[in-house]
Structures are given as structure tokens and as C-alpha cells.
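**Student:** test case, fold it:
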Amino acid sequence: MLRNVALKTLRDQRRAFGWWALGIVLIVVSTVPFYPSIRDQAQALNEYIEKMPEALRAVFIGQIGDITSPEGFLNSQLFAFLGPLLFSIFAIGSGTRAVAGEERAGTLDLLLSTPLPRRRLVVHTFVAMTVSTVALALVLWVSLAVAGAIWSLDIRADRVAAAVANTALLGLVLGSLALALGAASGRKGTTIGVAAALGFAAYLVNSLATVVDAFRSLRKASPFYYYGEPNPLLHGFDLGSALTLAAISLILLALAVFAFERRDLGVG
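**Tutor:** So this is what the prediction gives:
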């Protein structure tokens, strides 16, 4: 049953995943070719960035300030804002469809009329969400590797892989949050809205903590801190941060199982 439910979920999402993969490739090939021209305008661009308000730099450019370096370019164009946004949207959508989406569509009754225990349904849809998110991350990594080789973006492949892995893990955190909210409420719209709002709030807290004193004590409560603070494009893979993000996802999965097993659905 695990194999059937997981494969069913992946099969149901295959067309949407194809469009997501194509979108990721198009974003990469429309971004990386600009690097040579950015690199050649290093002095002017860095002077412009220095004049930007510190809060804007923190939110949209990230911690690697020199956007004319390969690391700074990728960070500012993809990994500071756009990458986390896209993977969060993708995973929140997957997590929402897992329970709340099935309930809204009226197909949850059919699934639960089988001998499949509720906890397995939640776990199996989490597995499918993880597989699809990892697959999308592989698309991003391969696209960056190929485009980087073509347009002379000289950056180590293992460090790009580390940044992509962190992006996928962050997406899984927010997807797991949506899964837990959907399991608890059964309301698709509420799940998407609350998960997106909490994710955006966590992003702002982490980004503005360097310039807003009130946020500094909250920064380590944000998953975005463990996503960006290790600076994987500069320092490579950080096991502690990756394990923290994975642990948050598993805790949210446990909460989803707990909530779903105790909610009255009116079905078996």
C-alpha cells in the first residue's frame, strides 16, 4: 500500500512537475547568461549596492554582498530570494494537496474506505512530496552545472549542490507545515494561506534580524536561518544546518499524523 499510494501521488502530480521542471530550467538559462556582463561591471554595481538601504540588501541580495563574484551572483539572483520562494510554493502546494486537497476534492473518503491506516496515508504522501522536491532540486542543480559551464560561471559543483540541497530542505519544511495544517484543519484555502503567511514571516524575521534589533532574538527560530547562515556557496555543505531542517520537517510530519488520526472526518 505504501508503494501504491506514493506512486499514485507522484503519478497524479507528474504533469504539474513537468511544468515546474521546465520553469526551473528556463529561469536558469535566462539568468546565468547575464553573469559575464555583470562581472564586467563590477565596480559600478558594487558602488550601487553599497548605496542601497541595508534592509533592502538583507532581504533581496543576501549575505554575499559582492554580486559580481560567481557566488554573489548566484546568491543574489537565485538563492537569496527566488529559489526559496519557488521551492516553498512547490512544496506547500504538494503538502496541501496531500490531505486538505484530497478532502476538498472529495476523494479522501475513498482512500480511507480501504484498510489503509490514516498515519500511513500521511507518511506516504510526505514521502511523495520529498521525492518530488528532491527531483526538482536535481533539475536545478543539473541546469546550473550545464549553464555555468557554458557561460563561465566558475563555481565548485559541490558548493552549488550544497546550496540546492538547502533549498530543497527548506521547501520540505514549509511543505511539511502545510501537510500538518491540512491534516489538522482539512481546509485547503486556510492551509495555503497560513503556511504562506508563516513562511513569509519567517523569511522577514531572518532577513531583517541583522538590521532590526527586535528580530535578533527570534532569528534562530526561523528555518531560513539554517538555510542561509551556513553560506553553502562559500563554505560548502553544513551537516548541522541540514539536519536541523530535516528534523523540523520530521517533527511537523509527526504533528500531521497526530492531528489527522484524532480529527473527526466522518469516514472510516
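**Student:** for the most centrally placed residue in the chain, give me its contacts.
**Tutor:** Nearest to the mean C-alpha position of the chain, by CA atoms, centre = their mean, lies residue 171 at 2.2 Å. If a contact means CB atoms under 8 Å, 6 or more residues apart in numbering, then residue 171 has 84, 87, 88, 90, 91, 133 as its contacts. The C-beta positions use only the backbone N, C-alpha and C, and glycine is treated the same way.
**Student:** who wins on neighbours among those residues?
**Tutor:** Greatest neighbour count in the contacts of residue 171, by other CB atoms under 10 Å, goes to residue 91: 29 neighbours.
**Student:** once you drop chain neighbours, what's closest to the residue nearest to the centre of the chain?
**Tutor:** Spatial nearest neighbour of residue 171, excluding adjacent residues (CB to CB, 6 or more residues apart in numbering): residue 87 at 3.3 Å.
**Student:** I figured the one you found hits residue 170, correct?
**Tutor:** Yes. Using CB atoms under 8 Å, residue 87 is in contact with residue 170, at 6.5 Å.
**Student:** now, the contacts of residue 171 that are in helices?
**Tutor:** 84, 87, 88, 90, 91, 133 (DSSP state H).
**Student:** could I get the residues you listed as CSV with distance to residue 148?
**Tutor:** Putting the ones in helices among the contacts of residue 171 into CSV (distance: CB to CB, whole Å) gives the following:
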residue, distance to residue 148
84, 20
87, 19
88, 24
90, 23
91, 25
133, 22
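**Student:** as JSON lines, those with pLDDT and distance to residue 199 would be great.
**Tutor:** Formatted as JSON lines, those follow (pLDDT from 0 to 100; distance: CB to CB, whole Å):
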{"residue": "84", "pLDDT": "95", "distance to residue 199": "9"}
{"residue": "87", "pLDDT": "98", "distance to residue 199": "11"}
{"residue": "88", "pLDDT": "97", "distance to residue 199": "5"}
{"residue": "90", "pLDDT": "97", "distance to residue 199": "12"}
{"residue": "91", "pLDDT": "97", "distance to residue 199": "10"}
{"residue": "133", "pLDDT": "98", "distance to residue 199": "15"}
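**Student:** residues near residue 30, how many?
**Tutor:** Neighbours around residue 30, by other CB under 10 Å: 10.
**Student:** residue 175 now?
**Tutor:** 30.
**Student:** which residues does it contact?
**Tutor:** Counting by CB under 8 Å, 6+ apart, residue 175 has contacts 90, 91, 92, 94, 95, 129, 133, 249.
**Student:** quick check: next helix or strand after the host helix or strand of residue 146?
**Tutor:** Per DSSP states H and E, residue 146 falls inside helix 118-150. Downstream of helix 118-150, the first helix or strand assigned by DSSP H and E is helix 157-185.
**Student:** local confidence estimate at the nearest residue to residue 74 once chain neighbours are set aside?
**Tutor:** Distances taken as CB to CB, 6+ apart place residue 233 nearest to residue 74, at 6.1 Å, with adjacent residues excluded. pLDDT for residue 233: 93.
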